[in-house]
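[1] Okay, predicted coordinates and the sequence, questions at the end:
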Amino acid sequence: MNNAVIECILSRSAAKYYDPAATLSDDEIRELVRIGTAAPTSFHLQNWRFIAVRTPEAKARLSPIAWNQPAITDAAVTFIICGQLADSSVIPERLAPLVEAGVMPAEMVQEWETPARGLYKDHPQRQRDEAVRTGTFGAAAMIYAARSMGLGSTPMIGFDADGVHREFGLAADEVPVMLLTVGAERSGNWAQKPRRPVSDVLDLV
């Protein structure tokens with residue numbers, strides 16, 4: 001079984017070395033985010049936001065709170081992937097375009113909002129779990145989109161979350177799930193590292 005999508009996934013590896021002279025246009029950055037937002041979200045919440053750190057000034061603000069990792073300054077852009085705490089009250093607004101497009105009957109909106117309220121309201125850990133899940137889905141889609149465009153990427157958890165909150169004005173309901181650097185690679189990056197065998201991680205029941 002092989003096709004372009006599978007090959008993209010199987011050949012991807014986290015980039016360590018970027019070409020610091022290479023840039024991405026704002027339109028290319030927007031396209032990566034557009035693709036990222038096609039990833040799944042619970043109840044169509046789309047509870048995410050993406051901050052594209054691309055100017056030298058913004059990189060200089062991010063670098064010290066990301067442990068001065070070279071990728072922050074060398075990559076064309078670093079996305080701050082923000083997941084938002086799950087909030088069922090936004091569901092009618094998020095589903096309205098589906099109703100308008102004839103995809104979803106209007107009466108179904110309440111059928112989605114009611115169970116979502118029961119799932120998340122008064123359950124802060126579930127709200128945060130959903131924020132992290134959503135941000136991770138979006139970042140993964142962007143990682144493979146970047147690979148398909150011939151770009152490298154690196155998901156990063158080495159940063160001061162409180163510092164990112166303060167320096168980049170995250171809202172109280174936003175969780176900085178990860179940083180995601182994207183840019184043209186230079187030589188020295190590894191190929192994809194061998195994985196554990198499927199027999200070690202799969203149970204067929």
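    Arrived safely.

[2] C-alpha from now on. contacts and neighbour counts both.
    Will do.

[3] dump the residue contacts of Met178.
    For Met178, the contacting residues are 80-82, 135-136, 155-157, by Cα atoms under 8 Å, 6 or more residues apart in numbering.

[4] wait, isn't Ala139 in contact with Arg34?
    No: using Cα atoms under 8 Å, Ala139 is not in contact with Arg34, being 11.3 Å away.

[5] When those two are compared, which one has more neighbours?
    In this view Ala139 and Arg34 are compared by other Cα atoms under 10 Å, and Ala139 has more residues nearby, 28 against 14.

[6] Select the helix or strand of the chain having the lowest average pLDDT value.
    When each helix and strand of the chain is scored by mean pLDDT, DSSP states H and E, helix 4-11 comes last, with a mean of 94.

[7] Which strands and helices lie in contact with that helix?
    helix 124-148 (3 or more Cα pairs under 8 Å, 6 or more residues apart in numbering; DSSP states H and E).

[8] centre of the chain versus the helix it packs on, how much separation?
    Centre-to-centre, helix 124-148 and its host chain are 4 Å apart (Cα atoms, centre = their mean, to the nearest Å).

[9] need the helices for this structure, in chain order.
    Ranges of helices in the chain, per DSSP state H, are 4-11, 26-36, 56-62, 70-74, 91-100, 108-120, 124-148, 161-168, 198-201.

[10] of those, which approaches Asn47 most closely?
    Between Asn47 and these, the tightest spacing by Cα to Cα is seen for helix 124-148, at 6.7 Å.
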